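**Student:** Model the structure of this input:
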Amino acid sequence: MEKDLIKLSIEHGIAHVCLNRPSKINALSFEMFKAIDKVIKRLAADKSVNAVVLSGAEGNFCSGLDVKSVANSPSKAMKLLFKWLPGNANLAQRVSLGWQRLPIPVIAVLEGCCYGGGMQIALGADIRIASSNCKLSIMEAKWGLVPDMAGLVALRQIMPKDKALMLTYTADILTAAQALELGMITQISDTPYDAAVELANKIMRTSPDANAAIKLSINRNWTGSIRSLLARESLSQIRLLMGKNRVIAAIRQTKNPDKAYRARQSWWS
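**Tutor:** Sure, this is the predicted structure:
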């Protein structure tokens, strides 16, 4: 059994999560799916974590599904896909959708390969910073499969339908520059990990409750009705006005820029 498939460290409120299977270019085995899901659940329960930097070990993000590993065990394939209700997320979908559902900003660092399941995980992040040599692909069609890890939740928000269809039909491999032009990534950096950490530290200067409310509001309302948007904005603002961190944010702006925020309120989870 492989160990330490996911490395996690938490420093000054920033969780550093690293996909750690470099001998397989961080390909997704069943055990790795379980490890990612476990880390997401742990971070959701930790109110002291206010940002996540998600990366892959040794210069690659993730080469996608370890097809041989999963195909050799039908029981593992079934466990990946099983769900009690069709509308629920199964294990394969939670490793992408889980990052979106965290009430914490998530920044993905994309280097080397970001293919298939790796691209689906990256799409679950709020922000994607890629190295100039990164290669990206929605690759499932190459293996006769449909993308089924919930990456479409984000893809439909960041890209026109015709371009999403083109990339998914063809399984083309994109350069970072091409991905940036299409909106699949947020920015390109020669030092993407450092850029992600710098951004995470900048985010840490704002209220964790406000960031949780912003993420919830944008994700839920990006394609929702105007009525639901107005309702959620009003409810979030009332909750923020009632919280300690709104007062602390004002103090940081006017009196003491180093005053520490309180832990994130539980209602955003």
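**Student:** from here on, contacts and neighbour counts on C-alpha atoms
**Tutor:** OK.
**Student:** Low-confidence stretches in the stretch 151-269 of the chain?
**Tutor:** Nowhere does the stretch 151-269 of the chain drop to pLDDT under 70.
**Student:** the strands in it, which residues?
**Tutor:** In the stretch 151-269 of the chain, the strands defined using DSSP state E, counting those that start in this stretch lie at 174-175, 187-188.
**Student:** export these to a markdown table and tack on mean neighbour count and distance to V247?
**Tutor:** What follows is the strands of the stretch 151-269 of the chain, written out as a markdown table (neighbours: other CA atoms under 10 Å; distance: least, CA to CA, whole Å):
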| stretch | mean neighbour count | distance to V247 |
| --- | --- | --- |
| strand 174-175 | 18 | 45 |
| strand 187-188 | 20 | 33 |
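**Student:** Distance to S137 for those strands - can I get that in CSV?
**Tutor:** Shown next, in CSV, are the strands of the stretch 151-269 of the chain (distance: least, CA to CA, whole Å):
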stretch, distance to S137
strand 174-175, 6
strand 187-188, 16
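**Student:** Please name whichever of these is nearest to Q100.
**Tutor:** Comparison of those against Q100 by CA to CA identifies strand 187-188 as nearest, at 18.8 Å.
**Student:** Mind giving me the packing neighbours of that closest one?
**Tutor:** If contacts are counted by 3 or more CA pairs under 8 Å, 6 or more residues apart in numbering; DSSP states H and E, strand 187-188 sits against strand 127-130, helix 176-182.
**Student:** Leaving out the residues flanking it, which one is nearest to G151?
**Tutor:** Computed as CA to CA, 6 or more residues apart in numbering, the closest residue to G151 that is not its neighbour in sequence is Q120, at 4.5 Å.
**Student:** Please enumerate the helices of the stretch 101-250 of the chain.
**Tutor:** Assigned helices in the stretch 101-250 of the chain, in chain order: 117-124, 152-158, 161-170, 176-182, 192-203, 208-221, 226-242, 244-254 (criterion: DSSP state H, counting those that start in this stretch).
**Student:** Show me which of those helices has the highest average neighbour count.
**Tutor:** Highest mean neighbour count among the helices of the stretch 101-250 of the chain (mean count of other CA atoms under 10 Å): helix 117-124, with a mean of 28.
**Student:** and that one, what other elements does it pack with?
**Tutor:** Under the contact criterion of 3+ CA pairs under 8 Å, 6+ apart, helix 117-124 touches helix 91-101, helix 152-158.
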